[in-house]
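> Turn this into a structure:
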Amino acid sequence: MTSQVVKFTGLSDRDRKIVAPLPRLAEGDRMELHVRRADGQDHTLTLPVAAISIVKTLIDHLFSGERVAIIAEDQ
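Have a look, this model is predicted:
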């Protein structure tokens with residue numbers, strides 16, 4: 001089994017101040033990712049339930065000022 005760090009990053013103090021943290025999620029809530037491309041096109045991706053907790057954890061750590069890494073693991 002091989003693990004690899006895909007990305008390691010953090011938010012600047014400025015970014016943490018201008019973006020509101022996620023609201024508390026309740027049972028049955030869903031999470032959507034909205035992307036606005038440079039050409040003005042909007043895309044929306046509804047995250048699967050299994051991905052919501054990891055995305056929430058990632059965002060919570062970033063907003064608390066921590067640097068985070070995403071690790072991919074081959075099985």
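> any idea which residue sits dead centre in this structure?
V55 (4.2 Å; C-alpha atoms, centre = their mean).
> Looking at this structure, which helix is longest?
Scanning the chain for the helix with the most residues, using DSSP state H, yields helix 49-63.
> Determine the set of other helices and strands touching the helix or strand just after that helix.
Downstream of helix 49-63, the next assigned helix or strand under DSSP states H and E is strand 68-73. Packing contacts for strand 68-73, counted by 3 or more C-beta pairs under 8 Å, 6 or more residues apart in numbering; DSSP states H and E, involve strand 3-9, helix 49-63. Any C-beta I mention is one placed from the backbone N, CA and C, and that applies to glycine too.
> partners of strand 68-73, with directions?
strand 3-9 (antiparallel) (DSSP bridges).
> Excluding its own residues, what touches the partner strand? List them.
Applying C-beta atoms under 8 Å, 6 or more residues apart in numbering, the external contacts of strand 3-9 come out as 62, 67-74.
> Alpha carbons of it, as PDB, please.
What follows is strand 3-9, C-alpha atoms only, in PDB (Å, rounded to 0.1, in the frame of the first residue of the first chain):
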ATOM      1  CA  SER A   3       0.600   6.800   0.400                       C
ATOM      2  CA  GLN A   4       1.400  10.100  -1.300                       C
ATOM      3  CA  VAL A   5       0.800  13.700  -0.200                       C
ATOM      4  CA  VAL A   6      -1.200  15.300  -2.900                       C
ATOM      5  CA  LYS A   7      -1.300  18.900  -1.600                       C
ATOM      6  CA  PHE A   8      -0.100  20.700   1.500                       C
ATOM      7  CA  THR A   9      -1.500  24.200   2.100                       C
END
